[in-house]
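Asker: Sequence and predicted structure are below.
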Amino acid sequence: MITKKTSSFSDIDFAAGETILIDKDSGWTSFDVVNKIRYLIQVKKVGHAGTLDPAATGLLIVCAGKMTKSIEGFQGMPKTYEGVITLGKRTESMDGETEVIEEKNTDGISQEQIEETRKLFLGEIVQIPPMYSAVKHKGKALYKYARKGKTVERKERKVTVYDFKILKTELPDIYFEIKSSKGTYIRAIADDFGKELGVGGYLKKLRRTKIGEYDVNDALTIKEFEERINSLA
């Protein structure tokens, strides 16, 4: 596995199989990262183990060569995130990528109310995938329908929230940490959290810090990975 601690890339055979921990920057899609790494290592078989939205940052596990067979195993691991929920505003995408469609006053919301609401999202919960997501409908990603103003019926899915901590409250912002199962939409939790408090909410910021026991602190940025590869030339 390639991490920050990997001292040399000179003896690594990416085609034979390798796993790379990447700290994704905001603005990059997960597919952008895969494409960049594919170009840098000149190996066709490259994939990632769990999509991050373009605005989100943090840990992305990228598999190359024969290690692409292990992607499903990584995908099934619990994910840990840190982020910010902004109360009092709602957006169509449930994050900051689209305009605010509803705004309410957050005065009077207490820390006790926030803590009681947090408890509602622990354990097994039911979510409906957001329209602004990569879930497929008739072979096309939902976000493509959403961008045209269309809504399609989506099936509920059960996910598990193993832990949900409120790290700090500075209304309208709530800083949190969540550990959840595969397929959990943190944006949907932000939206539902605001609804439970009666004022709405959206996901202002998100960073994935762990996948299983793999930690973003051990990951390379794309720039760092590229510099290591170029140093071999």
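Answerer: That came through, no problem. Residues are numbered from 1 along each chain as shown.
Asker: Which of the helices or strands spans G73?
Answerer: helix 71-75 (DSSP states H and E).
Asker: ok, now G183?
Answerer: Following DSSP H and E, there is no helix or strand that holds G183.
Asker: residue contacts, it?
Answerer: Residues in contact with G183 (CB atoms under 8 Å, 6 or more residues apart in numbering) are 157, 159. (Each C-beta comes from the backbone N, C-alpha and C, glycine too.)
Asker: what does the one 10 residues further on give?
Answerer: Counting by CB under 8 Å, 6+ apart, F193 makes contact with 85, 87, 117-118, 121, 174, 201.
Asker: So which elements touch the helix or strand just after the helix holding G73?
Answerer: As assigned by DSSP H and E, the chain's next helix or strand after helix 71-75 is strand 79-87. When contacts are defined as 3 or more CB pairs under 8 Å, 6 or more residues apart in numbering; DSSP states H and E, strand 79-87 packs onto strand 173-180, helix 186-196, strand 201-211.
Asker: I'd like to know which of those is closest to I61.
Answerer: Closest approach to I61 among these (CB to CB): strand 201-211, 5.7 Å.
Asker: Show me what that closest one is packed up against.
Answerer: strand 57-64, strand 79-87, strand 89-91, strand 173-180, helix 186-196.
Asker: let's see 6 Å
Answerer: Applying 3 or more CB pairs under 6 Å, 6 or more residues apart in numbering; DSSP states H and E, we find strand 201-211 packed against strand 57-64, strand 79-87, helix 186-196.
Asker: Over the shortest one, what's the mean pLDDT, rounded is fine.
Answerer: Per-residue confidence for strand 57-64 averages out to 98 on the pLDDT scale.
Asker: List the contacts of that strand.
Answerer: Under the contact criterion CB atoms under 6 Å, 6 or more residues apart in numbering, strand 57-64 has outside partners 14, 18-20, 22, 24, 26, 33, 37, 43, 46-49, 52, 70-71, 74, 207-208, 211, 216, 219.
Asker: Among those, which lie within helices?
Answerer: Among the contacts of strand 57-64, the members falling in helices are 33, 37, 71, 74 (criterion: DSSP state H).
Asker: contacting residues around K136?
Answerer: Applying CB under 6 Å, 6+ apart to K136 gives no contacts.
Asker: now it: how far from G76?
Answerer: 19 Å (CB to CB, to the nearest Å).
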